[in-house]
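1. My questions are about this predicted structure, shown below with the sequence.
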Amino acid sequence: MRTPTRSAPFTHAGTSLGRIMGQVMVALVPATAFGLLQFGWPAVFLFATTVAAAAAFDALGLYLAGRPVADGLADGTAVLAGWILALTLPPWAPWWIGVTGAGIAVLVGKHVYGGTGQNIFNPAMVARVALLVSFPVPMTTYIAPVPLWEAAAPGFVEALAITFGGAQPVDALTVASPLDALSTALHGGAAVPQARDAVPALKALLTGTVPGSLGETSAGLVLAGGLFMLAVRTISWPIPVAFLGTLFGLAEVFHQIDPMHYPTGLFHLSAGSVMLAAFFVATDPVTSPVSRTGHLIFGAGAAAITFLIRTWAGYPEGLGFGILLMNAATPLIDRWARPRIMGRDRNGRPLAGGGGP
Amino acid sequence: MRPDYGAIVRNGIWDNNAVFAQLLALCPTLAVTGTATNGLGMGLATAVVLVATGAIVALVRRLTLREVRIPVFVLVIAACVTLVDMVMKAWLFELHSVLGLFIPLIVTNCIILGRAEAFASRNPTGPSVVDGLATGVGFILTLVVVGAVREIIGHGTLFADAHLLLGDAFAWLETVVVADYNGALVAVLPPGGFLAVGFLMAGKRVIDERLRAGAPATGPVAARAAEPAP
């Protein structure tokens, strides 16, 4: 008779990768639903295409690696990567942007490194940056929000033509995202008060009725999702707090020094995909450091790089680069900020007074 | 013993391919393969240097003291590269201005010193020239394939500007693979070089696995077993 052999741990909290990914997806639902409603059918098609492509590429990668396909798909990491990627895409982008991005995220970003848990860089951010560098025009063509129920919104068939047929969005609808508008105005020599006229009010940025990527416009709803994840302990506080705190602090310092050229900290926090990055991307357990000190360094570094790029570099948004660069620094941070081993001090020596033999 | 030219050629082009098997010369491979034409130009220049240095090093190998062989090889290589550089500047000026910095850097290309040390300094002139040629052809093929992959993905063309390198007679090589193509710029940028080389290397491994699975008797272990004991 054969008894099945099991290995430790024999008692655990019942969490699994699939469960954690499920919690993250639940937290993403409000912001996603809002984005889909606000940007209409083209956004729905793009979202569905990207997520489906991510799952398909994951199945392909698992098959090529000779691993059980169903088990690998069920952990949800690929679907989540596709989901987050879709949220950072311009809502009316053509379908091939979503498919190419999903391929880069899942195959190059994850499977090339050896699959789930082995990747150095966050897959969704790898794909976003590769798309931004490769296809600058479709990746920066933003449209004004036209809620699904309004007459001006494209119908089902018209939306099919936009997403799959390469039909150009109506010119009157294409606009600049808040960060683009600010960046352009500032480079044009305007001071912040005038440039601010080109930028939506803070309240609009919080509720999300502004042009922008599919799921990042509503800072408030993304923040709510993030707080939910904190409440159910899917993520821990150091990375988001260090990220948001550093970005706010840097922005406020510069705003106080020269309010004519640097927007306020609140603007930085609510514009672009800061909330999405702080709660959903930077906290990726695979690509962030292990210890709490490491988390704080990671969050602060990503925010500092983001602020540098937003303020002085050519791209209006620097989140993807900030997070990828800190992903690259994660092994270094892990060496420096090691977690303390139980019963030992931070240098690995046994604690004194332990009562020897 | 008669040199086994077939094995030398096979080694240089496929089995011990400088880039995909030995991981040598990655700097020019990654840097100049934005298009197939650039890859071809760089590969040709390197191959010429490989053949010339192989011949000269094999000729002087008995005159060279073991202790000073490396400086001697480097001098020979530097002289050949300087000649190639000047020739290209004189007759292929447009291509030279594209490849620019990387032509003089052939001096430091580890394939060339590697072949001089590992092969030409221990073998007669004939096999050394064949070895240089085979390694050079392998390098040309590698650079052209990497360049073609990156060019097709990045620009949708193949062998663009080939007439600058090969003369107007070869203008027919310039093809547009995908018309009205947006161009995935990342393939032409440095990350695309790493990705293309990585995926092609994986592809070569897959082919090798298939070949080994199909013909088990020709693997290196079987070959060693077939040799008479020394």
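-> Great, that's in hand.

2. Could you use CA atoms for every contact and neighbour count after this?
-> Noted.

3. list the contacts for the residue nearest to B:Tyr5 when sequence neighbours are not counted?
-> Computed as C-alpha to C-alpha, 6 or more residues apart in numbering or on different chains, the closest residue to B:Tyr5 that is not its neighbour in sequence is B:Pro127, at 6.9 Å. Taking C-alpha atoms under 8 Å, 6 or more residues apart in numbering or on different chains, we find B:Pro127 in contact with B:Pro3, B:Tyr5, B:Ile8.

4. and if we set it to 10 Å?
-> Residues in contact with B:Pro127 (C-alpha atoms under 10 Å, 6 or more residues apart in numbering or on different chains) are B:Arg2, B:Pro3, B:Asp4, B:Tyr5, B:Ile8, B:Val9, B:Gly54, B:Ala55, B:Ala58, B:Phe119, B:Ala120, B:Leu133.

5. The second one sits in which helix or strand?
-> Element membership of B:Pro3, judged by DSSP states H and E, is empty: it is in no helix or strand.

6. Can you tell me how far A:His255 is from A:Leu247?
-> Applying C-alpha to C-alpha, to the nearest Å, the value for A:His255 to A:Leu247 is 12 Å.

7. Kindly report the same for B:Ala118.
-> Distance of B:Ala118 to A:Leu247, given as C-alpha to C-alpha: 56 Å.

8. Just want the most central residue of chain B.
-> Computing the C-alpha centroid of chain B and ranking residues by C-alpha atoms, centre = their mean puts B:Phe139 first, at 1.6 Å.

9. do the host helix or strand of B:Gly203 and chain A meet?
-> Assigned by DSSP H and E, B:Gly203 belongs to helix B:190-214. Yes - residues of helix B:190-214 contacting chain A under C-alpha under 10 Å from any C-alpha of the partner chain: B:Pro191, B:Gly192, B:Leu195, B:Gly198, B:Phe199.

10. give me every residue that touches the fourth one.
-> It refers to B:Gly198. Applying C-alpha under 10 Å, 6+ apart to B:Gly198 gives the contacts A:Val112, B:Phe20, B:Val146, B:Gly192.

11. what separates the nearest residue to B:Arg150 once chain neighbours are set aside from A:Val69, distance-wise?
-> Leaving aside its sequence neighbours, B:Arg150 sits nearest to B:Ala187 (C-alpha to C-alpha, 6+ apart; 5.3 Å). Distance, B:Ala187 to A:Val69, using C-alpha to C-alpha: 29 Å.

12. Where do the strands of the stretch 101-250 of chain A begin and end?
-> Assigned by DSSP state E, counting those that start in this stretch, the stretch 101-250 of chain A shows strands spanning A:142-143, A:174-175.

13. Going by mean pLDDT, which of those strands comes out lowest?
-> Least confident of these, judged by mean pLDDT, is strand A:174-175 with a mean of 64.

14. Now for chain B, the helix or strand with the poorest mean pLDDT.
-> Across the helices and strands of chain B, mean pLDDT, DSSP states H and E gives its lowest value to helix B:220-226, namely a mean of 45.

15. And the closest residue to chain A within chain B, how far from B:Gly156?
-> Nearest to chain A in chain B, going by C-alpha to the nearest C-alpha, is B:Leu185, at a distance of 4.2 Å. Counting by C-alpha to C-alpha, the gap from B:Leu185 to B:Gly156 is 11 Å.

16. Spit out the residues that contact these two alike.
-> Common contacts of B:Leu185 and B:Gly156 (C-alpha under 10 Å, 6+ apart): B:Arg150.

17. can you pull out the strands in chain B?
-> Taking DSSP state E as the test, the strands found in chain B are B:157-158, B:175-176.

18. Just say which of the ones you listed is most tucked in.
-> Mean neighbour count (mean count of other C-alpha atoms under 10 Å in any protein chain shown) peaks for strand B:157-158 among the strands of chain B, with a mean of 22.

19. What lies in contact with it?
-> Strand B:157-158 has contacts (C-alpha under 10 Å, 6+ apart) with B:35-37, B:147-152, B:173-179, B:181, B:183.

20. Buried ones in the host helix or strand of A:Gly320, by neighbour count?
-> Secondary structure assigned from DSSP H and E places A:Gly320 in helix A:319-336. Buried residues in helix A:319-336, defined by neighbour count with 16 or more other C-alpha atoms under 10 Å in any protein chain shown: A:319-327, A:329-331, A:333-334.

21. ok, these vs B:Ala169, which is closest?
-> A:Phe321 (45.7 Å; C-alpha to C-alpha).

22. gap between A:Ala313 and A:Phe135?
-> Separation of A:Ala313 from A:Phe135 (C-alpha to C-alpha): 19 Å.

23. Write out the residues of the stretch 101-250 of chain A neighbouring chain B.
-> Contact residues (C-alpha under 10 Å from any C-alpha) of the stretch 101-250 of chain A with chain B: A:Val108, A:Val112, A:Val129, A:Ala130, A:Leu131, A:Leu132, A:Val133, A:Ser134, A:Phe135, A:Pro136, A:Val137.

24. Show me the two of the residues you listed that sit farthest apart.
-> Farthest pair in those (C-alpha to C-alpha) is A:Val112 and A:Val137. Separation: 27.9 Å.

25. Show me which of these two is the more surrounded one.
-> A:Val112 (16 against 12; other C-alpha atoms under 10 Å in any protein chain shown).

26. That one touches A:Phe121, doesn't it?
-> No - assessed by C-alpha atoms under 10 Å, A:Val112 is found out of contact with A:Phe121, at 11.3 Å.

27. for the closest residue to chain B within the stretch 1-150 of chain A, what are its contacts?
-> Using C-alpha to the nearest C-alpha, the closest approach of the stretch 1-150 of chain A to chain B is made by A:Ser134 at 4.2 Å. By C-alpha under 10 Å, 6+ apart, the contact set of A:Ser134 is A:Arg128, B:Gly154, B:Asn182, B:Gly183, B:Ala184, B:Leu185, B:Val186, B:Ala187, B:Val188, B:Leu189.

28. Can you tell me how far A:Ala124 is from A:Ala300?
-> The gap separating A:Ala124 from A:Ala300 is 20 Å, by C-alpha to C-alpha.

29. These two: which is more packed in?
-> Set A:Ala124 next to A:Ala300 and count neighbours by other C-alpha under 10 Å: A:Ala124 wins out with 28 against 23.

30. pLDDT at that one, what is it?
-> A:Ala124 is given a pLDDT of 92.

31. Tell me how far stretch A:85-102 lies from the chain's centre.
-> Relative to its parent chain, stretch A:85-102 has a centroid offset of 14 Å by C-alpha atoms, centre = their mean, to the nearest Å.

32. got it, and stretch A:120-129?
-> Here stretch A:120-129 is found 9 Å from its chain centre; the criterion is C-alpha atoms, centre = their mean.

33. next one: stretch A:276-285
-> Computed by C-alpha atoms, centre = their mean, the chain-centroid distance of stretch A:276-285 equals 6 Å.

34. Need the buried ones from the residues of helix B:190-214 next to chain A selected in ChimeraX.
-> Here is the ChimeraX selection string for the buried members of the residues of helix B:190-214 next to chain A, based on 16+ other C-alpha under 10 Å:
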select /B:192,195
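
35. got CSV for the residues of helix B:190-214 next to chain A, with pLDDT and distance to B:Phe93 too?
-> Output for the residues of helix B:190-214 next to chain A, formatted as CSV (pLDDT from 0 to 100; distance: C-alpha to C-alpha, whole Å):
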residue, pLDDT, distance to B:Phe93
B:Pro191, 85, 28
B:Gly192, 88, 27
B:Leu195, 90, 30
B:Gly198, 91, 32
B:Phe199, 91, 33
